[in-house]
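Visitor: dropping a prediction and its sequence here:
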Amino acid sequence: MKFGLAVSILVLAQAWPAAAQATDPATQQLIQQLMNRIDSLEKRVSELEQEKAAGPARPPSPPPAPGQPPTPGPAAVHEAHEQPPVPEVSGPEAQPVYPSLKIAGFSDIDFSASNLHAPATGFQPQTLLGTHSGFEEGQFVLQFSSALASKVAVFSELSLTARSDAGTGTPPAPGFNPEVERIILRYDVNDYFKLSFGRYHTPINYWNTAFHHGQWLQTTISRPEMVQFGGSFIPVHFVGTLVEGVTPAGGLNLNYNVGVGNGRGQVISRAGDFSDINNNRAWLVNLFVRPDHPYGLQVGGSVYRDDINQLSTGLAAREWIESGHIVWQKENPEFIGEFANVHHEFSNGAVSNSQAFYAQVAYRLPWFNKQWKPYYRFEQIHVPVSDGIFRSVVPTFSASTAGTRYDFTTYAAFKLEYRNYTRRELPGFHGIFTQMSFTF
């Protein structure tokens with residue numbers, strides 16, 4: 001193409017003096033326009049050839065040096081996982097293509113050994129408390145996010161959890177339980193107003209919405225028992241609709257969630273996935289601020305309201321849950337503290353208040369390429385004997401957890417921790433726990 005343009009220029013250059021004298025002004029103007037067009041095309045061809053020549057010569061980005069600190073961290077990777085992918089652009093008018101799908105995964109392999117001599121009543125399997133030591137395959141989790149339109153996206157989370165009774169019964173029980181943990185369709189009008197429908201992790205405290213399924217996301221091996229998956233102290237899942245958003249509020253960055261949906265199911269540890277068990281919807285309000293200064297601070301609180309009907313005990317109660325949290329989201333140090341009060345007003349007039357709290361501190365050490373992160377957590381749950389709904393399913397205890405996390409690659413971590421439990425009217429116990437967790 002460049003050779004052809006050069007020949008054309010040469011011919012026109014030779015003919016230009018004669019043409020200028022022998023033609024009228026209109027013809028001369030046309031010839032000048034053609035010459036200008038040829039100059040423009042020649043310049044563009046030269047630029048394209050230079051770009052093509054420079055492309056392969058660019059040195060590739062150097063790979064991370066051995067032992068380089070893992071970046072981005074779990075918080076950044078988790079935020080990227082939850083965001084819908086940017087749609088591909090194709091066609092002559094560069095229109096985005098919908099839907100666009102992104103898949104992320106998590107899993108972990110655990111080992112536990114304790115001096116328990118009887119089942120830990122009320123504690124959930126994912127706390128890894130058992131009467132025998134051994135390895136355990138943790139949850140296998142897949143997260144799917146897809147943009148359906150410029151302001152419409154869907155997010156879902158599917159987990160597979162190993163069963164302790166696999167292969168028993170007739171027909172034999174499967175090896176894993178599948179569960180749709182979250183499925184959310186959201187319309188983002190703007191930053192101030194976002195409307196969604198689906199199955200959520202109930203936004204009534206910090207941990208439940210900051211650390212979803214995938215143990216690699218959190219610093220510790222196990223969640224606090226008050227927000228443990230399968231636990232009953234707070235409703236971990238919520239089925240309904242949410243309105244959420246954020247406003248600058250003079251640098252405070254006020255976030256809000258307002259929701260209405262089905263309350264607890266017949267089994268109070270589960271949400272009303274199929275339907276509500278009564279004609280009273282649960283509702284919630286959650287508010288928190290993330291100020292510009294100091295960056296990393298988050299403070300908030302929430303209120304949840306529901307009516308409970310438990311067929312297994314025949315008990316009915318009006319339930320109020322109030323909670324608050326304060327969080328320092330950086331890793332040097334990291335601090336998470338939460339408190340929740342569950343208020344039950346029973347149909348017979350009795351009243352009970354159950355409280356739970358935890359405080360966790362961690363610090364990413366500046367040495368050893370910042371791969372080590374020691375941590376400590378203290379937690380406690382107190383359920384009064386008068387609470388017939390919680391008494392048999394929620395443990396009353398206090399526990400200390402001390403451990404360390406070693407991020408040996410950007411997307412995989414090894415955790416080692418020691419726990420000591422004290423229980424009401426039952427023997428205490430302690431144990432050692434390890435976990436290899438990763439994301440892909």
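Guide: The structure has been received and is ready for your questions. Residues are numbered from 1 along each chain as shown.

Visitor: tell me which element the closest residue to residue 152 other than its chain neighbours is part of?
Guide: Setting aside the residues directly before and after it, residue 152 is nearest to residue 187 in space (C-beta to C-beta, 6 or more residues apart in numbering), at 5.4 Å. C-betas here are computed from N, CA, C, even on glycine. For residue 187, the host element (DSSP states H and E) is strand 176-190.

Visitor: list the helices and strands that strand packs on?
Guide: strand 152-162, strand 193-201 (3 or more C-beta pairs under 8 Å, 6 or more residues apart in numbering; DSSP states H and E).

Visitor: if we use 10 Å, what do you get?
Guide: For strand 176-190, the elements it packs on are strand 140-149, strand 152-162, strand 193-201, strand 237-247, judged by 3 or more C-beta pairs under 10 Å, 6 or more residues apart in numbering; DSSP states H and E.

Visitor: pLDDT weak spots in the chain?
Guide: 1-31, 42, 45-73, 75-81, 86, 88-94, 311-312 (pLDDT under 70).

Visitor: any chance you could map the helices in it?
Guide: 2-22, 25-57, 74-82, 207-210 (DSSP state H).

Visitor: now render the helices and strands packed on strand 176-190 as CSV, adding mean neighbour count and distance to residue 216.
Guide: Below are the helices and strands packed on strand 176-190 laid out as CSV (neighbours: other C-beta atoms under 10 Å; distance: least, C-beta to C-beta, whole Å):
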stretch, mean neighbour count, distance to residue 216
strand 140-149, 19, 10
strand 152-162, 19, 14
strand 193-201, 18, 17
strand 237-247, 19, 21
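
Visitor: distance to residue 257 added to those strands, as CSV?
Guide: Output for the helices and strands packed on strand 176-190, formatted as CSV (distance: least, C-beta to C-beta, whole Å):
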stretch, distance to residue 257
strand 140-149, 19
strand 152-162, 15
strand 193-201, 9
strand 237-247, 5
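
Visitor: of all the ones you listed, which one is nearest residue 285?
Guide: strand 237-247 (10.3 Å; C-beta to C-beta).

Visitor: partner strands of that closest one, with direction?
Guide: strand 193-201 (antiparallel), strand 254-262 (antiparallel) (DSSP bridges).

Visitor: now distance to residue 246 too, for the ones you listed, in CSV please.
Guide: Output for these, formatted as CSV (distance: least, C-beta to C-beta, whole Å):
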stretch, distance to residue 246
strand 193-201, 9
strand 254-262, 5
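
Visitor: nearest to residue 359, of those strands?
Guide: Of the strands paired with strand 237-247, nearest to residue 359 by C-beta to C-beta is strand 193-201, at 21.3 Å.

Visitor: can I get the closest one in CSV, CA atoms only?
Guide: Written as CSV, here are the backbone C-alpha positions of strand 193-201 (Å, rounded to 0.1, in the frame of the first residue of the first chain):
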residue,chain,number,x,y,z
PHE,A,193,-30.3,3.6,44.7
LYS,A,194,-29.9,-0.1,43.8
LEU,A,195,-32.8,-2.5,43.8
SER,A,196,-32.4,-6.3,44.0
PHE,A,197,-34.4,-9.5,44.5
GLY,A,198,-33.1,-12.9,45.6
ARG,A,199,-31.5,-15.0,48.3
TYR,A,200,-28.9,-13.0,50.3
HIS,A,201,-26.5,-13.3,53.2
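
Visitor: domain assignment for this structure?
Guide: What automatic domain parsing lists as the domains of the chain is 2-52, 74-439.

Visitor: tell me the most buried of these?
Guide: domain 74-439 (a mean of 17; mean count of other C-beta atoms under 10 Å).

Visitor: run the angle between the strand holding residue 187 and strand 140-149 for me.
Guide: 30 degrees (axes from the mean of the first three to the mean of the last three C-alpha atoms, to 10 degrees).

Visitor: partner strands of strand 176-190 and their direction?
Guide: Strand 176-190 is paired, per DSSP bridges, with strand 152-162 (antiparallel), strand 193-201 (antiparallel).

Visitor: any chance of those in TSV, plus distance to residue 356?
Guide: What follows is the strands paired with strand 176-190, written out as TSV (distance: least, C-beta to C-beta, whole Å):
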stretch	distance to residue 356
strand 152-162	24
strand 193-201	17
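
Visitor: of all these, which one is nearest residue 303?
Guide: So among the strands paired with strand 176-190, strand 193-201 is nearest, using C-beta to C-beta, at 16.3 Å.

Visitor: ok, now which ones touch the residue nearest to residue 152?
Guide: 148-149, 151-153, 193-197 (C-beta atoms under 10 Å, 6 or more residues apart in numbering).

Visitor: for residue 360, same thing?
Guide: Counting by C-beta under 10 Å, 6+ apart, residue 360 has contacts 207, 218-220, 224, 327, 334-338, 375-379, 401.

Visitor: of those, which belong to strands?
Guide: Of those, the ones assigned to strands by DSSP state E are 327, 334-338, 375-379, 401.

Visitor: got CSV for these, with distance to residue 298 too?
Guide: Below are these laid out as CSV (distance: C-beta to C-beta, whole Å):
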residue, distance to residue 298
327, 4
334, 12
335, 10
336, 9
337, 11
338, 11
375, 18
376, 20
377, 18
378, 20
379, 19
401, 22
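
Visitor: any idea which of the contacts of residue 187 is closest to residue 432?
Guide: residue 196 (41.3 Å).

Visitor: nearest residue to the closest one in space, please, no chain neighbours.
Guide: That would be residue 186: by C-beta to C-beta, 6+ apart, it lies 3.8 Å from residue 196.

Visitor: cool, and residue 121?
Guide: residue 395 (6.7 Å).

Visitor: do you know how far that neighbour is from residue 174?
Guide: 28 Å (C-beta to C-beta, to the nearest Å).

Visitor: now residue 313
Guide: 30 Å.

Visitor: brilliant, that's me finished.
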